[in-house]
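Trainee: Let's see this in three dimensions:
(one chain, ligands or ions: 1)
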Amino acid sequence: MSQRDEILDGLYDNTLDGQAGPVVELTRRGLELGIDPLDMLFEALIPALEEVGRLFEAGEYFVPEMLVAARAMAGAMDILKPLIAASGAKPVGTFVMGTVQGDIHDIGKNLVNIMLEGAGFQVVDIGVNAPPEAFVEAIREHQPQAVGMSAFLTTTMTMFKPTIEAIKEAGLREQVKILVGGAPVTEEYAQICGADGYAPDASSAVRLVKQLLGLTEAAAA
Ligand code: B1M
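Mentor: As a prediction, this is how the structure comes out:
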């Protein structure tokens with residue numbers, strides 16, 4: 001087995017086991033070996049969390065195991081984030097992002113933020129469990145071109161609609177494009193809620209917001 005595969009396998013196994021120390025160590029070794037940060041993310045860390053979800057559904061993992069796995073991944077993300085987000089580009093716009101009320105999952109949201117920053121957006125992260133008023137306040141204060149809402153539970157994606165309604169009632173709906181996403185969300189559900197778009201993952205979220213704001217080369221042509 002190559003050293004690269006050993007590192008990626010080690011990252012996967014140790015994230016699954018919630019071993020934060022070895023995950024940080026392997027991430028550093030991976031960088032020394034020249035492994036692309038995005039490969040560590042998409043070939044090891046994210047698949048490990050998907051497996052955690054599967055084990056949770058199967059009744060083999062419980063909340064504490066999910067939590068330590070998420071913490072182990074967060075240690076790797078602290079190291080990888082500046083490398084993925086480094087763009088040096090002039091800001092192309094402001095993006096307000098939050099996980100909706102009742103929901104405390106933040107890894108997916110943080111990943112979307114990293115990719116947006118990498119694409120030149122200034123991201124204002126209002127955190128998790130964000131009520132509709134927090135989105136409204138952030139739009140008033142930061143005057144973004146786009147707003148993103150994440151939800152990871154079938155029970156919390158129902159907050160998209162009231163949050164969008166609150167933005168409408170505050171008279172701010174026309175000035176922002178609204179994107180929604182998160183594991184249980186679908187294109188159809190996004191339309192029902194009155195969002196401008198849905199993206200299934202972080203890279204598509206970046207593509208979509210650029211398209212909605214007319215920042216793509218195709219739109220500019
Ligand atoms: Co929870 N959890 N969790 N959890 N958790 C899920 C989401 C679940 C699918 C697990 C399962 O059953 N298989 C399940 C939800 C079931 C459902 O409703 N359909 C679940 C549950 C049930 C729960 C609790 C209710 C458990 C309990 O207490 N009984 C509880 C709820 C707490 C709450 O929020 N109120 C809970 C708690 C937790 C922890 C705190 C332990 C921890 C979160 C830690 C943290 O985030 N800091 C946790 C974890 C780790 C998970 C899993 C295992 C992993 C989530 C994750 O980070 N995935 C998850 C299972 C799974 O997803 N397979 C699970 C990796 C991440 C990169 O992917 O989040 O999908 P994802 O983000 C993607 C896309 O969705 C997209 O891009 C991201 C990057 O590509 N995306 C967007 C996200 N936001 C976007 C926004 C956009 C566009 C795209 O535009 C704005």
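Trainee: Show me what S150 bridges to in the sheet.
Mentor: For S150, the beta-bridge partners under DSSP bridges are T99, G181.
Trainee: Verify the stated contact: it with K109.
Mentor: Yes: S150 is within contact range of K109, at 4.3 Å (criterion: Cβ atoms under 8 Å). To be clear about C-beta, it is placed using only N, CA and C from the backbone, and glycine gets the same treatment.
Trainee: so what sits against both of the two?
Mentor: 97-99 (Cβ atoms under 8 Å, 6 or more residues apart in numbering).
Trainee: Mind listing residues that contact the longest helix along the chain?
Mentor: Assignment by DSSP state H gives helix 63-85 as the longest helix of the chain. For helix 63-85, the external contacting residues (Cβ under 8 Å, 6+ apart) are 11, 14-20, 23-24, 27-28, 31, 37-38, 40-41, 45, 48-49, 52-53, 55-56, 107, 110-111, 114-115, 117-118.
Trainee: what distance separates that helix from the middle of the whole chain?
Mentor: The chain centre lies 12 Å from the centre of helix 63-85; the measure is Cα atoms, centre = their mean, to the nearest Å.
Trainee: for it, which positions count as buried?
Mentor: Buried residues in helix 63-85, counted by 16 or more other Cβ atoms under 10 Å: 65-66, 68-70, 72-77, 79-81, 84-85.
Trainee: and V100, how many neighbours?
Mentor: V100 sits with 27 neighbouring residues when counted by other Cβ atoms under 10 Å.
Trainee: State the distance from it to G182.
Mentor: As defined by Cβ to Cβ, to the nearest Å, V100 lies at a distance of 9 Å from G182.
Trainee: Identify the contacts common to these two.
Mentor: Joint contacts of V100 and G182 (Cβ under 8 Å, 6+ apart) are 150-151, 157.
Trainee: filter the residues you listed down to the ones near the ligand?
Mentor: Applying Cβ under 6 Å from any ligand atom to the shared contacts of V100 and G182, one finds that S150 fall near the ligand.
Trainee: For L8, see how far away the residue of the chain lying at maximal distance from its centre is.
Mentor: In the chain, counting by Cα atoms, centre = their mean, M1 sits farthest out from the average C-alpha position, at 31.9 Å. Distance, M1 to L8, by Cβ to Cβ: 10 Å.
Trainee: Could you do M149 as well?
Mentor: For M149, the distance to L8 - Cβ to Cβ - is 32 Å.
Trainee: between the two, who's got more neighbours?
Mentor: More crowded of M149 and L8, by other Cβ under 10 Å: M149, with 31 against 21.
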